[in-house]
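Enquirer: output the structure for:
(2 chains)
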Number of protein chains: 2
Amino acid sequence: MGFMQALRNRWNSADTLVCVGLDPDPAKFPDAFVDDDDALFSFCRDIVDATAQYACAFKPQIAYFAAHNGGEAALQRLIAHINGSHPDVPVILDAKRGDIGSTAEQYATEAFERFGADAVTLNPYMGRDSADPFLQRFDRGCIFLCHTSNPGARDFQELDVGGEPLYQHIARTIAGEWNAAGNCALVVGATFPEELKVIRGIVGDMPLLIPGVGAQGGDVEAVVRNGATADGTGLMINSSRGILYASSGAGYAEAAADAARELRDAINRCR
Amino acid sequence: MGFMQALRNRWNSADTLVCVGLDPDPAKFPDAFVDDDDALFSFCRDIVDATAQYACAFKPQIAYFAAHNGGEAALQRLIAHINGSHPDVPVILDAKRGDIGSTAEQYATEAFERFGADAVTLNPYMGRDSADPFLQRFDRGCIFLCHTSNPGARDFQELDVGGEPLYQHIARTIAGEWNAAGNCALVVGATFPEELKVIRGIVGDMPLLIPGVGAQGGDVEAVVRNGATADGTGLMINSSRGILYASSGAGYAEAAADAARELRDAINRCR
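Expert: Numbers count the residues shown, from 1 in each chain, chains lettered A, B, ... in the order given. This is a model prediction of the structure:
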């Protein structure tokens, strides 16, 4: 079963649009992990086990692993743990890769073979041939940056290109030309709800990964109203810091579960 | 001494604009490495030692390491070897990173602390705040994608934004606003010499990293004529496959040295 089917199954069977972001920052870890050499893995594992029932996907951010020696081994073990203990929850590797074709082949190997991810985030700036090695993996998800959640999203993504902003042109290109196998999705920041509405109008039922609720200030109600498909799905609404660091005390896992459940419920009240 | 000064010193002292790209693909390794478990490191080390005298920079492509378990350790050892044995030759980590600020901090740690690179390639699509964690490292080089060497460069980079193509707008923005510390450079493909000429006109003496000669078909004479600064420098002209895989026989290192020297001489005849 491919990523897109797994995601749709999960939306329906678990009744949740929450994507749990795994951005492990040792400086923010609960006190229990202070002297734990294996903390990158063991902290994330605890969060995964506590939140899986509320998750439509897990999204490890590779940069938080790649900053540390041994980080890749921790990431491999984490994804293997998710696959083994929570096989219904697909894994998105947040890596924002993008390079010429021969190099993109290597990055596809990194994401899909070495780490075993079901989907990967990608940067479209280098164009179609940089995406092809990922697009050709029909069973994996290719989640392209469209309009990101950060302030700098306005710098280039909103430039007018022939009567529409660049991010809309990119959404149209990916939905119209790159998505022949039906394995594409887009990243749209929760912090730009009007832009989200326009993108949903362009891409039909394509899934959208939505960072930016919680620490970055995005509004859940506006995201669901402007981003959900007619059947009330179509979204992976990500929270990382708001779930991971809900408590620094001994009850960090329960606090993470509470935060994930509350986000699920807040979303579902708007659907 | 920062990256930019090291690069300028190297251009002048070694009289070379050649950047040696390190894209180790085990499927293409010389026969001597067939049963070598340490081949990622040892092949690249041999190439480095054979070509250092002709190199203004080394550019390991992280994807070729990240596709393999243990690849990061090999990359660390390789950069440490370059720093130890060829301390005058700066190292560019080709990673094309780009993410929101908090994540970009982690990627900066990966490139500069974990791997010890002097410069890193970056994707500008997410805008200024995604670049800041790198720009603030005044001693390191920030090399942004502008007009890349691949066919897909035309898909988005050449879109007209207010009377000029996007890649020119990006060049202007980086040269005018992002380069306050003088630590920026741009990636411009050798396969687009006319675009290179325009970019040189926009960015003054900013260094340009030029992939695409050799396997990708770029023309050295056109690159130097259109891209060099008035003093005949300003360029890091990269060759990867043309040097690495010059011979699959026992003489692979000598063949790599010959290829690097020939490229240096071909460039210098045009300066």
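Enquirer: distance of residue A:145 relative to chain B?
Expert: Distance from residue A:145 to chain B, counting by Cβ to the nearest Cβ, to the nearest Å: 6 Å. (Glycine included, C-beta is placed from N, CA and C.)
Enquirer: residue in the stretch 151-271 of chain A nearest to chain B?
Expert: Residue nearest to chain B within the stretch 151-271 of chain A: residue A:152 (2.3 Å; Cβ to the nearest Cβ).
Enquirer: what residues are up against the nearest residue to that residue once chain neighbours are set aside?
Expert: Using Cβ to Cβ, 6 or more residues apart in numbering or on different chains and skipping residues adjacent in sequence, the residue nearest residue A:152 is residue B:127, 2.3 Å away. Residue B:127 makes contact with A:148, A:150, A:151, A:152, A:153, A:154, A:155, A:156, A:157 under the criterion Cβ atoms under 8 Å, 6 or more residues apart in numbering or on different chains.
Enquirer: ok, which stretches of the stretch 51-200 of chain A are strands?
Expert: A:57-60, A:92-97, A:119-122, A:141-147, A:160-161, A:164-165, A:184-188 (DSSP state E, counting those that start in this stretch).
Enquirer: for those strands, which one sits closest to residue B:23?
Expert: Closest to residue B:23 of those is strand A:92-97 (Cβ to Cβ; 15.2 Å).
Enquirer: which parts of the stretch 151-271 of chain A sit against chain B?
Expert: Within the stretch 151-271 of chain A, the residues that sit near chain B (Cβ under 8 Å from any Cβ of the partner chain) are A:151-157, A:159-162, A:166, A:169-170, A:173, A:211, A:216.
Enquirer: how close does the residue nearest the centre of chain A sit to residue A:37?
Expert: Geometric centre of chain A, nearest residue: residue A:59, 4.9 Å, by Cα atoms, centre = their mean. Applying Cβ to Cβ, to the nearest Å, the value for residue A:59 to residue A:37 is 25 Å.
Enquirer: residue A:176 now?
Expert: Distance from residue A:176 to residue A:37, counting by Cβ to Cβ: 49 Å.
Enquirer: need phi/psi at residue A:23.
Expert: The phi and psi values for residue A:23, taken as degrees, to the nearest 10, are phi -120, psi 80.
Enquirer: residue A:218 too?
Expert: Reported as degrees, to the nearest 10, the phi and psi values for residue A:218 are phi -70, psi 150.
Enquirer: now do the contacts for the residue lying closest to it once chain neighbours are set aside.
Expert: Once flanking residues are discounted, residue A:218 sits nearest to residue A:190: 2.5 Å by Cβ to Cβ, 6+ apart. Residue A:190 is in contact with A:149, A:196, A:210-213, A:216, A:218-220, A:222-223, A:237, counting by Cβ under 8 Å, 6+ apart.
Enquirer: got the confidence number for residue A:190?
Expert: pLDDT, residue A:190: 97.
Enquirer: tell me, how many residues neighbour residue A:270?
Expert: For residue A:270, the neighbour count with other Cβ atoms under 10 Å in any protein chain shown is 15.
Enquirer: surely it is in contact with residue A:225?
Expert: Yes. At 6.6 Å, residue A:270 counts as touching residue A:225 under the criterion of Cβ atoms under 8 Å.
Enquirer: could you check how far the residue lying closest to residue A:11 once chain neighbours are set aside is from residue B:27?
Expert: Closest residue to residue A:11 apart from its sequence neighbours, by Cβ to Cβ, 6+ apart: residue A:233 at 4.4 Å. Taking Cβ to Cβ as the measure, residue A:233 falls 42 Å from residue B:27.
Enquirer: more crowded one of those two?
Expert: More neighbours surround residue A:233 than the other of residue A:233 and residue B:27, with 20 against 4 (other Cβ under 10 Å).
Enquirer: what about chain A, any weak spots by pLDDT?
Expert: Judged by pLDDT under 70, chain A has no weakly predicted residues.
Enquirer: before we move on, the earlier item: hmm, the residue of the stretch 151-271 of chain A closest to chain B is touching residue B:126, no?
Expert: Yes. Assessed by Cβ under 8 Å, residue A:152 is found in contact with residue B:126 at 5.6 Å.
Enquirer: of the two, who's got more company?
Expert: A count of neighbours by other Cβ under 10 Å puts residue B:126 above the other of residue A:152 and residue B:126, at 30 against 20.
Enquirer: residue A:80 contacts residue A:114, doesn't it?
Expert: No. Judged on Cβ under 8 Å, residue A:80 makes no contact with residue A:114 at a distance of 11.5 Å.
Enquirer: pick out whichever of those two has more residues nearby.
Expert: Taking other Cβ under 10 Å, residue A:80 and residue A:114 do not tie; residue A:114 has more neighbours (19 against 13).
Enquirer: and that one, how close does it get to chain B?
Expert: From residue A:114 across to chain B, the span is 6 Å (Cβ to the nearest Cβ).
Enquirer: got the contact list for that residue?
Expert: Taking Cβ under 8 Å, 6+ apart, we find residue A:114 in contact with A:72, A:76, B:66, B:67, B:68, B:69.
Enquirer: please repeat the previous calculation with a cut-off of 7 Å.
Expert: B:67, B:69 (Cβ atoms under 7 Å, 6 or more residues apart in numbering or on different chains).
Enquirer: all helices for the stretch 51-200 of chain A, in order.
Expert: Here the stretch 51-200 of chain A has its helices, by DSSP state H, counting those that start in this stretch, at A:63-66, A:71-85, A:101-108, A:128-135, A:153-156, A:166-173, A:193-203.
Enquirer: return the most buried member of these.
Expert: Among these, judged by mean count of other Cβ atoms under 10 Å in any protein chain shown, the one packed with the most neighbours on average is helix A:63-66 (a mean of 26).
Enquirer: what's in contact with that one?
Expert: So helix A:63-66 is contacted by A:23-25, A:40, A:71-72, A:74-75, B:99, B:103, B:106-107, B:110 (Cβ under 7 Å, 6+ apart).
Enquirer: for the stretch 1-150 of chain A, which residues are neighbours of chain B?
Expert: A:61, A:63-64, A:66-67, A:69, A:72, A:96, A:98-101, A:103, A:106-107, A:109-110, A:114, A:123-130, A:145, A:148-150 (Cβ under 7 Å from any Cβ of the partner chain).
Enquirer: one more pass at 6 Å, please.
Expert: Residues of the stretch 1-150 of chain A lying close to chain B by Cβ under 6 Å from any Cβ of the partner chain are A:61, A:63-64, A:66-67, A:96, A:98-100, A:103, A:106-107, A:109-110, A:123, A:125-130, A:148, A:150.
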